[in-house]
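> Attaching a predicted model along with its sequence, questions to come.
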Amino acid sequence: MEKSGIQKKKLRKAGKRLKKVKRSSGLFIAPSFLGVLLFFVIPFMVVIFYSLVDNPISQNFVGLENFKYVMGNNAFKKAVSNTFRFSIIAVPLAVVLSLLLAIVLEAKLPFRSQFRTFFLSPMMVPVASIVLIWQVLFSYNGVVNEITALFGVEKIDWLKSEYSHIVIVVLFLWKNLGYNMILFMAALASIPKDILEVARLESATALQTFFYIKVRYLSSTFLFVTIMSLISSFKVFREIYLLTTDYPYDTIYMLQHFMNNTFKNLDYQKLSSAAVLMSMAMVIIIGILFLVENHFGKDVEG
Amino acid sequence: MPVRKGQLMRKSFKFLRNAVAVSLAGILGLSLMACGDKNTEGNGSNGNTPGNSGSNTEGIVKTEYAYVPEFFDISSKDNEGNYVYRGQAILEKDRLIYTVHNYDEETQTSSTEIRYRDVNAPTEEKVLELPEFQLEGYESSMSSFLHDKDGNLYVVYYVSPPYVEGEEYDYTKSTTYLAKYDSNNQQLFAVDLKDMFQDENNSYIQNMVVAENGKLFAASNNLIYVINADGTFGKSIPTQSDWIQDIFATEDGKVFFINYANTGNGGLQMVEINTETGMLGETYKNLPDMNAQVRSFGGKLYVKGSSNLYEYDLETQESTPVVNWIDSYLTGDYIQSFSVAEDGNILVYSHNYMDETEELVKLVKTDRAKIPQKQEIVLATLYESNQNFQQAVVNFNKSNNKYKVVFKSYISNNAEWTETTYTDAVALMNADLTGNNPPDIIELGSADLTNLAKKGVLEDFTPYLNASSTLKKEDFVPSVLNAYTIDGKLVTIPRQFQMSTLMGKASIVGEKQGWTIDDVIALSDAHPDAKLLRYVDAPTALRICLQYSSDSFIDYETGTCNFNSPEFLKILEFANRFKPIDYNNFENEESYPSMIQSGKVLLSDVNVSQTQEFQMYTYMFEEPATCIGYPTMDGSAGVFLNGIDMYGITSKSRNKEGAWEFLESTLQYKANDRYSWGLSSRVDELEAMFKNDMTPEYEKDENGEIVLDENGEPKQYPKTTWGYDNWEVEIYAATQEEVDLIWDMIEIAKPVGMNDETIFQMINEEATPYFEGQKSAADVAKIIQSRVEIYVSENS
């Protein structure tokens, strides 16, 4: 009886401690939770609400009509296709090129520190300055056309022609490679040296070491860099907008142009349905990326 | 079993964790995209998105105290019933003192005198008896005056030789005198300021003050003259500005002037002057209104703005609203002078120069809680409203016991204008319109009316008109109602409207209204040596061609357009014939009417806001002319209609009845009661105006008989005189044909929507490199097609 009394007492104490820990954990989490709730979850619910009503004024429930309209709208389709095309080109390039740069800079190169700074410098340049530089370079009477004219090449309207897509991809890479490169360099540095040493003793070639060891250890970084690049690719609107205003040449008309313009025109229902569709696409893409990462990196993470 | 259950739980937890992570990633991605937009706002080199700079929302000022007005009508008329013209008026401590200009019909001479009214007995007007200021062979008139703290009076006289018919007037003989009188009105000195006015841009005195050392500081255009207490000239002080808005002295004798800053972001500022040395001292910024008038009472500085009276703190350079003029049934722009008493009550002299009424108003400081409250109707305007509409609000607020209209403007008069000021203000207004506390009425003159109507922001006026006991649809011009009926809803009724069109000699453009772009090109081809219009460059020509033709290139139903079509290329090529306007050569140019008459210019832009204005254009051609209109693709005539004073009721308003009651009252205003630089939307007023314009005024002899001219026809007085460049014409009573022509135009006139403005902007932007010879027409057409199609598709 005494024993069970002591046990009960201990259990009660442990229970109390657990409750206390839970309460304090809850308190610690509360600000973040409230922040997410206030700034992400609730606004997203509002977005879902607007996507189901006819307009922000009368707010009559129309079911999925807005989704039907948006999916049949040429501007939306053009924006989706351009955004998809941009991401499918720019994101893999951003990942692969930054990895290559990281590998190159990991080698004992002369001036590697200067190179690293050089590739990181675009991150420090404010967007307005980046846009200014790009305007000076790629406007119709810009530096690039002046230079090509020296070789007898006809002027190209870089920002108002099919070439605009290339200009934006180059801008995106120029701006984002440095950050990705640093992430890869950090990941490469954290690969256990003993495993690489074993591979070397086992006469593994550099390519074998890269693909069978480094790539597997880099899988979580790959995932992170890809997701960040994907998000950045959606954010390229900012630069495009500043370069070409709200109605650019159609090849660089992005999803966020559609959303921004519909917002300005008080078409919240179109904006919201587009946003919901896009978030669903993002969930699917990121889900797939998680699966891929799980597949390639599970043995490394153990 | 427990192990398997635990494994299952772990698995489902893992699944849940992954699902939550994926969902949050999606939301995060979406949110981060939104962050991208926000970052754009501050940095925008092309910044058109809602942003964080420039816009300055001026909300409704709610002070702790209300100022209850007591009005005294002090309008005065002469023997013939005409309002007496008052010049400068100053509210001193216990009296309103002002200059009055008199004209003696018999002697055909004018004179000026100073009169005053005791603020406690304002009905009685007294004359300040001053010794006559007269120079042999000259006429003099007072231009400004000032009392100093010792009761001395300074008066500025403009002295000039009389005008003699047939003789050339010698302006060089005119001069300005400054006279000083003591408190017994005895003249102490009178000095000619001619020698002081060395700079011809600063050869007058607009305002003056006396410092504590007795020196007089007189502000001219951008110089301040210092005149010593004995009348001798001291010095002139350059102010490093283009224009001095005002000069004032505090009660302790410090002198400040107000001007626009030439540095930084500009804006209005106060600069202190060292009254001993004349050096410029400290500068004070953040004056709350571009029309600021600053005065000092009880050791405090007060700033009169268009909307409020503020107290200004020199130390913090910040303003605090004291009185909202509308709240006290006053129109800020009509307030000429004010003073603040020790008990906090405020005296105001208001002159409504539209109807010439003058009022002395005592604003009694009262605890707001003690005043019966009315339901507020919020009237949102992008820009601060003009005085005409403020007066309409004041009249409504004064007479209505249930409702009170208050203004909410999104761009302050004193806003520092940036690239994003307008778009930021529109974004704020849109947020209000879609939010839970929307304004009740919205001013539509500067808003995107079509878009707001299509988005359901605006209420349909039709049911209100049907239910109204004082107004009905038939009271208004049908084409005006049609112009503002969007998607079947009558969203606004402008109080007035103006029209513009193209006019040409009937012998050149034919007698039929309406033409196509091909006709315009043919006309231009047929007269290679003549200009199509006086001032027309390529963008203007492009706009003229597209103003009423853009629909032919756009199909909102399918969300497509065809700006890469041969028709559009033809228009571009035609517009490219017009070279840039040489703005430096205007002075040497022949007058416009002369060019029209000789056929050097084929067409004229015609604005129609009054019958006489329209008549002037018809007279200018000196032969039958046709209002052919702007070209269209189908050959009809394009006549541009511009609504004035347009207000709509918001669909989400919680006080629609009150909002309609106010708008109903404004639509019942008689044309004569308001500033009428436009045609009335009311049929009865328009007909009355035309009837009046068609009624001849005949010259009569001393017996009251109509005088006949050499042809035996009654001799008419001209209704008015209109001119263009150096050409002048007397306008007589309008003919039925002229009035019918205006009615014809009214019937077909329609506005150009804001949607089209966005498209015009894109077309113009892209066509410019072609006009500058940098790109081919096909290249720019391709870009225009690409950009406009996105816009059309978004709005389909």
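The structure has been received and is ready for your questions.

> give me the number of residues near A:V70?
When neighbours are defined as other C-beta atoms under 10 Å in any protein chain shown, A:V70 has 25 of them. Quick note: C-beta positions are derived from backbone N, CA and C, even for glycine.

> wait, I meant B:D78
12.

> Over to B:R577?
14.

> what sits against it?
When contacts are counted by C-beta atoms under 8 Å, 6 or more residues apart in numbering or on different chains, B:R577 touches B:524, B:538, B:541.

> Low-confidence ranges, the stretch 51-200 of chain A, go.
Along the stretch 51-200 of chain A, no part satisfies pLDDT under 70.

> Over to chain B?
Applying pLDDT under 70 to chain B flags the ranges B:1-63, B:105, B:262-266, B:385, B:387-388, B:413-416, B:585-587, B:669-676, B:753-755.

> Now residue 209. Nearest residue, chain neighbours left out?
By default, I'm working from chain A. Using C-beta to C-beta, 6 or more residues apart in numbering or on different chains and skipping residues adjacent in sequence, the residue nearest A:T209 is A:A199, 4.9 Å away.

> that answer is for a different chain, and I need it for chain B
Distances taken as C-beta to C-beta, 6+ apart place B:A249 nearest to B:V209, at 3.9 Å, with adjacent residues excluded.

> partners of the one you found in the sheet?
B:V255 (DSSP bridges).

> Quick one: neighbours of it, just the number.
Number of residues near B:A249 (other C-beta under 10 Å) recorded here: 22.

> cool, and A:N265?
A:N265 has 21 neighbours, counted by other C-beta under 10 Å.

> so who does it touch?
Here A:N265 is in contact with B:451, B:455, B:794-795 (C-beta under 8 Å, 6+ apart).

> same thing with A:Y163?
A:156-157 are the contacts of A:Y163 under C-beta under 8 Å, 6+ apart.

> returning to that earlier point: also within reach of chain A: list those from the contacts of A:N265.
B:451, B:455, B:794-795 (C-beta under 8 Å from any C-beta of the partner chain).

> can you pick the most crowded of these?
B:E794 (24 neighbours).

> gap between that one and A:L97?
Counting by C-beta to C-beta, to the nearest Å, the gap from B:E794 to A:L97 is 34 Å.

> which residue is nearest the centroid of the chain?
All of this is about chain A. In chain A, the residue lying closest to the centroid (C-alpha atoms, centre = their mean) is A:I231, at 2.2 Å.

> Actually, chain B is the one I wanted.
Closest-to-mean residue, chain B, C-alpha atoms, centre = their mean: B:N386 / 6.1 Å.

> so what's it up against?
Residues in contact with B:N386 (C-beta under 8 Å, 6+ apart) are B:D333.

> try it again with 10 Å
When the contact criterion is C-beta atoms under 10 Å, 6 or more residues apart in numbering or on different chains, the partners of B:N386 are B:306, B:331, B:333, B:443, B:445, B:645, B:675.

> can you redo those as JSON lines with secondary structure and neighbour count?
Formatted as JSON lines, these follow (DSSP: H, G, I helix; E, B strand; the rest coil; neighbours: other C-beta atoms under 10 Å in any protein chain shown):
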{"residue": "B:S306", "secondary structure": "coil", "neighbour count": "22"}
{"residue": "B:T331", "secondary structure": "coil", "neighbour count": "23"}
{"residue": "B:D333", "secondary structure": "helix", "neighbour count": "21"}
{"residue": "B:E443", "secondary structure": "strand", "neighbour count": "23"}
{"residue": "B:G445", "secondary structure": "coil", "neighbour count": "19"}
{"residue": "B:D645", "secondary structure": "coil", "neighbour count": "25"}
{"residue": "B:Y675", "secondary structure": "coil", "neighbour count": "17"}
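
> Stretch B:491-508 near chain A anywhere?
No. Stretch B:491-508 is not in contact with chain A by C-beta under 10 Å from any C-beta of the partner chain; minimum separation 12.7 Å.

> what residues does the stretch 351-500 of chain B put near chain A?
B:423, B:426-427, B:430, B:433-435, B:438, B:448, B:451-452, B:454-458.

> Whichever of the residues you listed end up buried, select them in ChimeraX.
A single ChimeraX command is used to select the members of these judged buried by 16 or more other C-beta atoms under 10 Å in any protein chain shown:
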select /B:423,426,427,430,433,434,438,448,451,452,454,455,456,457,458
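
> now for the residues of the stretch 351-500 of chain B next to chain A, which pair is the farthest apart?
Farthest-apart pair in those is B:T423 and B:G456; separation 21.9 Å (C-beta to C-beta).

> Check whether stretch B:763-777 comes near chain A.
Yes. Legend: contact between stretch B:763-777 and chain A by C-beta under 10 Å from any C-beta is shown at B:765-766, B:769, B:774-775.

> By neighbours, which of the residues you listed wins?
Of these, with other C-beta under 10 Å as the count, B:E766 tops at 25 neighbours.

> Secondary structure element for it, which one?
In the assignment (DSSP states H and E), B:E766 maps to helix B:754-771.

> ditto for B:D693
Using DSSP H and E, the element containing B:D693 is helix B:683-694.

> What about the nearest residue to B:Y556 once chain neighbours are set aside, how many residues nearby?
Using C-beta to C-beta, 6+ apart and skipping the chain neighbours, the partner closest in space to B:Y556 is B:S796 (5.2 Å). Using other C-beta under 10 Å, B:S796 is surrounded by 17 other residues.

> What is the end-to-end distance of stretch B:700-713?
Using C-alpha to C-alpha, to the nearest Å, the end-to-end distance of stretch B:700-713 comes to 13 Å.

> Quick one: distance of it to the chain centre.
44 Å (C-alpha atoms, centre = their mean, to the nearest Å).

> same deal with stretch A:118-125?
Distance, centroid of stretch A:118-125 to centroid of chain: 18 Å (C-alpha atoms, centre = their mean).

> how about it against chain B, any contact?
No. Residues of stretch A:118-125 are not located near chain B by C-beta under 10 Å from any C-beta, the shortest gap being 11.5 Å.

> What are the buried residues along that stretch?
A:119, A:122.

> Now it - C-alpha only, PDB.
What follows is stretch A:118-125, C-alpha atoms only, in PDB (Å, rounded to 0.1, in the frame of the first residue of the first chain):
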ATOM      1  CA  PHE A 118      32.200  38.100 -56.500                       C
ATOM      2  CA  PHE A 119      29.400  35.600 -56.800                       C
ATOM      3  CA  LEU A 120      27.800  36.700 -53.600                       C
ATOM      4  CA  SER A 121      27.800  40.400 -54.400                       C
ATOM      5  CA  PRO A 122      24.500  40.500 -56.400                       C
ATOM      6  CA  MET A 123      22.800  39.500 -53.100                       C
ATOM      7  CA  MET A 124      23.900  42.800 -51.600                       C
ATOM      8  CA  VAL A 125      22.600  45.000 -54.500                       C
END
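
> hmm, back to that, please render the ones next to chain A among the contacts of A:N265 as JSON lines that adds secondary structure to the earlier fields.
Below are the ones next to chain A among the contacts of A:N265 laid out as JSON lines (DSSP: H, G, I helix; E, B strand; the rest coil):
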{"residue": "B:N451", "secondary structure": "helix"}
{"residue": "B:K455", "secondary structure": "coil"}
{"residue": "B:E794", "secondary structure": "helix"}
{"residue": "B:N795", "secondary structure": "coil"}
